[in-house]
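# What follows is a protein structure lacking sequence information:
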């Protein structure tokens, strides 16, 4: 196992982190026997970073039970998250955090994240409800060792959040298909100068492992018959020195063993020029299905009405290149469905500010309308409106 240094703490973190959202299940319940085998085999082979969250059903309880049974708590770093979408007010911070300590059967959490921040406005609202003081108190008492956030939003909002607080860790979506999606490479490099940056979705929910077009798979096989598409995807992330570690949601021993083998030989700067050309060729095939030639440069941002223009275009393109379900999955997170503010195409008022800044001269207003027609059917707009209304009501009640 290779390790990279958290320079703020001196912690040596395994480059392969265990994402605990996808533990194996039987009839909807976590299979504790298989889960214990996976967790302990990972630890025995050097994995020392486990990422879970309050909203992952049964995940915290399963991880806590396995670590307690095997007396392995002190061998690992645990990351969990405050469920922002569940909060009614500042008094809920302790409610959820204490539940997490009980579930994890621990008296401290190594890395504690604000879960799914989407924009600076959301963070500012948390600050107005005392989150900074709460974090400070928990750190002084030793219950939280390091504080950070996970992110789903646009690049400009990510950079604002990074600069607004002395964060100690950040979690972003990043892979060779999403180099300019959400925080993107610009966000990664900016944040890495201040804190460790961990990566979620290195396989884009498995789609870069098993969901690629056939011609793209053949390109990988020709370049290196012994390396799977998943291996190519993980190596691309590990190649970048700004990345501290990546998370993989492993649900089988086969997946774990393959990832362990890859992690053992991973290194920053490991890719040759020829290998980088392979990724470019694969993406060229994938991007042939793209309908909007957006490079994700983010020059069109910020949108005055909050529309996540590059993110919406990426999800729209993915709905053609990787399938409608895959594209819709990206769109739901990109459009801020769980955010009170939202970032969906339906918020566009055709002001034209974005088009004046686009170096690709994309007719953004016209393309946003196309995205809306395909990705925002009436039922989804209705669900989003209900979700935002519900979050607004909860927040108002929390203030009382």
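That came through, no problem. Predicted, not measured: the structure shown is a model, and the values here were computed from it.
# Residue 152 versus the residue lying closest to residue 357 once chain neighbours are set aside, what's the distance?
Nearest residue to residue 357, sequence neighbours excluded (Cβ to Cβ, 6 or more residues apart in numbering): residue 299, at 4.7 Å. Using the backbone N, CA and C atoms, a C-beta is placed for each residue, glycine as well. Distance of residue 299 to residue 152, given as Cβ to Cβ, to the nearest Å: 21 Å.
# pull the helix or strand with minimum mean pLDDT from this structure.
Least confident helix or strand, the chain: helix 378-399 with a mean of 57, by mean pLDDT, DSSP states H and E.
# part of a strand, is the residue nearest to residue 357?
No: Residue 299: not assigned to a strand; according to DSSP: H, G, I helix; E, B strand; the rest coil it is coil.
# Please name the spatially closest residue to residue 372 (chain neighbours excluded).
residue 345 is the one closest to residue 372 (Cβ to Cβ, 6+ apart), at 3.9 Å.
# residues near the one you found, how many?
24 (other Cβ atoms under 10 Å).
# for it, phi and psi?
phi -60, psi -30 (degrees, to the nearest 10).
# Contacts only, for it.
By Cβ atoms under 8 Å, 6 or more residues apart in numbering, residue 345 lies in contact with 307, 312, 335, 368, 369, 371, 372, 375, 376.
# show me what contacts the third one?
Going by Cβ under 8 Å, 6+ apart, residue 335 touches 308, 311, 312, 315, 342, 343, 344, 345, 375, 376, 384.
# Buried among these? Make that a ChimeraX selection.
The ChimeraX selection below is limited to those of those classed as buried (16 or more other Cβ atoms under 10 Å):
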select :308,311,312,315,342,343,344,345,375,376,384
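# Can you tell me which of the contacts of residue 335 comes closest to residue 31?
The closest of the contacts of residue 335 to residue 31 turns out to be residue 315 (Cβ to Cβ; 32.4 Å).
# Just list what the helix or strand containing the closest one packs against, helices and strands only.
Secondary structure from DSSP states H and E places residue 315 in helix 309-321. Contacts defined by 3 or more Cβ pairs under 8 Å, 6 or more residues apart in numbering; DSSP states H and E place helix 309-321 against helix 273-287, helix 324-334, helix 364-375.
# can you rerun that using 7 Å?
If contacts are counted by 3 or more Cβ pairs under 7 Å, 6 or more residues apart in numbering; DSSP states H and E, helix 309-321 sits against helix 324-334, helix 364-375.
# Lowest mean pLDDT across those helices, which one is that?
Looking at the helices and strands packed on helix 309-321, the lowest mean pLDDT belongs to helix 324-334 (a mean of 83).
# Could you measure from the closest residue in space to residue 288 that isn't next to it in sequence over to residue 333?
What sits nearest to residue 288 in space, not counting adjacent residues and going by Cβ to Cβ, 6+ apart, is residue 321, at 7.7 Å. For residue 321, the distance to residue 333 equals 17 Å [Cβ to Cβ].
# swap in residue 52?
According to Cβ to Cβ, residue 52 stands 19 Å off from residue 333.
# Tell me which stretches of the stretch 101-250 of the chain form strands.
Remark: strands assigned in the stretch 101-250 of the chain by DSSP state E, counting those that start in this stretch are 109-117, 144-151, 169-173, 197-200, 245-248.
# List the strands paired with the second one, with their directions.
Yep, that's strand 144-151 we're talking about. Sheet pairing of strand 144-151 (DSSP bridges) gives strand 109-117 (parallel), strand 169-173 (parallel).
# and those strands as JSON lines, adding distance to residue 303?
Below are these laid out as JSON lines (distance: least, Cβ to Cβ, whole Å):
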{"stretch": "strand 109-117", "distance to residue 303": "18"}
{"stretch": "strand 169-173", "distance to residue 303": "20"}
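# How far away from the center of its chain is stretch 278-290?
Put simply, stretch 278-290 sits 23 Å off its chain's centre (Cα atoms, centre = their mean, to the nearest Å).
# can you check stretch 217-232 too?
Put simply, stretch 217-232 sits 25 Å off its chain's centre (Cα atoms, centre = their mean).
# Reformat the strands paired with strand 144-151 as a markdown table; add distance to residue 59, mean neighbour count and mean pLDDT.
A markdown table is the format used below for the strands paired with strand 144-151 (distance: least, Cβ to Cβ, whole Å; neighbours: other Cβ atoms under 10 Å; pLDDT from 0 to 100):
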| stretch | distance to residue 59 | mean neighbour count | mean pLDDT |
| --- | --- | --- | --- |
| strand 109-117 | 13 | 24 | 96 |
| strand 169-173 | 15 | 24 | 96 |
